[in-house]
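[1] quick one: sequence and predicted model below, then my questions.
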Amino acid sequence: MYTIKEWQNNYLSGNFNKKNVKVQIEIGWLDWFCNDNKLYNKTEEYSNIVCNLKDNQIFQISETLLCFKEHLSFSGKYHDDIIFINENTKKKCLIISINNSVEKNKYAVYINDNNFMKAVFKTDSNDELIKWINK
């Protein structure tokens, strides 16, 4: 896994610009149900979020690892999470849930402060999501 800062640098340098599933696993995909060739498109979509993150009240980008996971609910619906993990404690500190059917909005943010039980922020806007996290 990469820290957010390492991920940003690698992405912007073109190191992640490959559809190869081995590269997508290196990028941070841990689990998925879609076809392997769709991981690249998901990475491209989520790169706008990851590449715009800065140090904030929840994490430091040079000390926080990230990974991606696709979930399949019991109802048969899929959604993705971007998971942020403190590199020192190895504990999750923030999860961005994307297109989760239990939420009305495209993005829902969960944090460790409430044991990830309830979203602390919801939006349909990429820009609002990034602004909220970076505050």
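    Received the coordinates, thanks.

[2] wasn't residue 39 part of a helix?
    Yes - counting by DSSP: H, G, I helix; E, B strand; the rest coil, residue 39 is located in a helix.

[3] can you tell me the SS state at the closest residue to residue 77 other than its chain neighbours?
    Nearest non-adjacent residue to residue 77, counting by CB to CB, 6 or more residues apart in numbering: residue 101, 4.4 Å away. C-betas here are computed from N, CA, C, even on glycine. Three-state call for residue 101 (three-state DSSP): coil.

[4] counting neighbours, what do you get for residue 101?
    Here the count is done by other CB atoms under 10 Å, and residue 101 has 11 residues near it.

[5] how far away is the residue with the largest distance to the centre of the chain from residue 101?
    The C-alpha centroid of the chain is most remote from residue 75, which lies 22.5 Å away (CA atoms, centre = their mean). Distance, residue 75 to residue 101, using CB to CB, to the nearest Å: 7 Å.

[6] now the helices for this protein?
    4-12, 21-27, 39-50, 126-134 (DSSP state H).

[7] go ahead and name everything in contact with the first one.
    So the one you mean is helix 4-12. 2, 16, 27-28, 47, 50-51, 53, 59, 61-62, 64-66, 84 (CB atoms under 8 Å, 6 or more residues apart in numbering).

[8] swap the cut-off to 7 Å and go again
    Contacts to helix 4-12, defined as CB atoms under 7 Å, 6 or more residues apart in numbering, come from residues 2, 16, 47, 50-51, 53, 61-62, 64, 66.
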